[in-house]
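Undergrad: got a predicted structure plus its sequence, pasted below:
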Number of protein chains: 2
Amino acid sequence: MSGISIIGLGTMTRAIATRAIEGGNAVEVIGRDAVKAKDLAAELGSGTTAGTFGTTPAGDLVILAVPYAGAVPIVAQYGDALAGKVVIDITNTANPDATGLVTPDGTSGAQEIAEAAPASAHVVKAFNTVFGHILAQGGPLDVLLAGDDAQAKASVSALIETLGLRPLDAGGLEVARWLEGTGLLMISLGRHGVGNFDFSLGVNPAG
Amino acid sequence: MSGISIIGLGTMTRAIATRAIEGGNAVEVIGRDAVKAKDLAAELGSGTTAGTFGTTPAGDLVILAVPYAGAVPIVAQYGDALAGKVVIDITNTANPDATGLVTPDGTSGAQEIAEAAPASAHVVKAFNTVFGHILAQGGPLDVLLAGDDAQAKASVSALIETLGLRPLDAGGLEVARWLEGTGLLMISLGRHGVGNFDFSLGVNPAG
């Protein structure tokens, strides 16, 4: 039951927004193309609004649902418009071969985004280990997350629960690199062992 | 139904050996302490033998079930005694905080072990994303693996199936770093989001 703004108008935005609306959240979608944003808001319905790219988002939780290559520049462009926000980074940073990450050792996409964000914003890595088309199918899934601010993680976990999903805290933001590595692994599994990307990675109870 | 040799006498050896024996494999256990190795072989029963540390293992598949810190030196010490073998590296390479890996970017424990092994040996990363105590509980689990030699991976996959487990090929040995990162993530999840290490990470069918 929180206000969320989603920057980006692609598959993940559609999948998260649909579940977020069903969960009773106020949703705003934002894209550089204002017409497309309005069209998507109208299609999603249930009071979904279209925000203006680059200005202060309406939601306290701002989901960055754009490819990683665009994420840091967008956060830099937003600048103080993200002050005080919880920024949810859902990006994957695997290279095209899914053999390595595009960020150097010792950092991660999430940490680079945190560097670019205002000091009062809190970045939480989440959702990058969930394929968008699987999220769109409905059903319960595990959403692994990482971040340094306990309150921000609690807000993101509460949001995840309204989506009918299970939040699992993997630790501080330094662990985001390994969430991104696990995203890479899922892509590689989809190309090898599992084959059709029609799966999710999750935590199973023992036995 | 293959011959396997396991170097190391700890929890993972016990868990893998027990399931391997149940699956009809001939098992040899090997440790620096010959008395302990004989005791474990006797305890495991069903024809389990104790090998001599440092000499050619009996099995075509050799599982390196020792802490990573000891793995490369042991492989170097074995030298040509591992010629032609499929070496299964099950180590985890997380630092004590589970925030980073002890190997530098661009390599992995498995790749370092492959460097130290004879050219005719084939290293396959496997089992590092399965906690030993969960493996010991029985039940089906996913075992993610990676390696460069298709025939070696097929042998390891066949072994995994005899253990009542599901092998999932994650790609080439370069992906081993990300299997090790996922091992790190599991340790961090055990300390944060899941809490009691009483879980496994696996691939779930969608829906």
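TA: Cool, the structure landed.
Undergrad: hmm, the longest helix seen in chain A in reach of chain B?
TA: The longest helix of chain A (DSSP state H) is helix A:176-191. Yes - against chain B, helix A:176-191 shows contacts by Cβ under 8 Å from any Cβ of the partner chain at A:177-179, A:181-182, A:184-185, A:188-189, A:191. Every C-beta, even on glycine, is put in place using the N, C-alpha and C of the backbone.
Undergrad: A:Ala37 looks like it's in a helix, true?
TA: Yes - looking at A:Ala37 with DSSP: H, G, I helix; E, B strand; the rest coil, it is inside a helix.
Undergrad: my guess is it meets A:Leu9, correct?
TA: Yes - if you go by Cβ atoms under 8 Å, A:Ala37 and A:Leu9 touch, sitting 6.2 Å apart.
Undergrad: overlap in contacts of the two?
TA: A:29, A:31 (Cβ atoms under 8 Å, 6 or more residues apart in numbering or on different chains).
Undergrad: show me which of these two is the more surrounded one.
TA: A:Ala37 (25 against 22; other Cβ atoms under 10 Å in any protein chain shown).
Undergrad: ok, back up a step: now rank the residues of helix A:176-191 next to chain B by neighbours and give me the top one.
TA: The residue in the residues of helix A:176-191 next to chain B with the most neighbours, by other Cβ under 10 Å, is A:Trp178 (32 neighbours).
Undergrad: separation between that residue and B:Ala20?
TA: Look at A:Trp178 and B:Ala20: by Cβ to Cβ, to the nearest Å, they are 30 Å apart.
Undergrad: go through the residues of helix A:176-191 next to chain B and name the one nearest A:Thr52.
TA: Among these, A:Leu179 lies closest to A:Thr52 (Cβ to Cβ), at 30.7 Å.
Undergrad: centre-most residue in chain A?
TA: When Cα atoms, centre = their mean is applied to chain A, the residue found nearest the centroid is A:Ile90 (2.7 Å).
Undergrad: about what we covered before: helix or strand next in line after the longest helix of chain A, which one?
TA: Using DSSP states H and E, the next helix or strand after helix A:176-191 towards the C-terminus is strand A:199-205.
Undergrad: helices and strands around that following strand, which ones?
TA: strand A:142-147, helix A:176-191, strand B:199-205 (3 or more Cβ pairs under 8 Å, 6 or more residues apart in numbering or on different chains; DSSP states H and E).
Undergrad: tell me which residues of stretch A:42-51 are tucked away?
TA: Across stretch A:42-51, burial judged by 16 or more other Cβ atoms under 10 Å in any protein chain shown covers A:44, A:48-51.
Undergrad: coming back round to it: redo the helices and strands packed on strand A:199-205 as TSV? Include distance to B:Phe127 and mean pLDDT.
TA: Formatted as TSV, those follow (distance: least, Cβ to Cβ, whole Å; pLDDT from 0 to 100):
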stretch	distance to B:Phe127	mean pLDDT
strand A:142-147	21	98
helix A:176-191	15	98
strand B:199-205	12	90
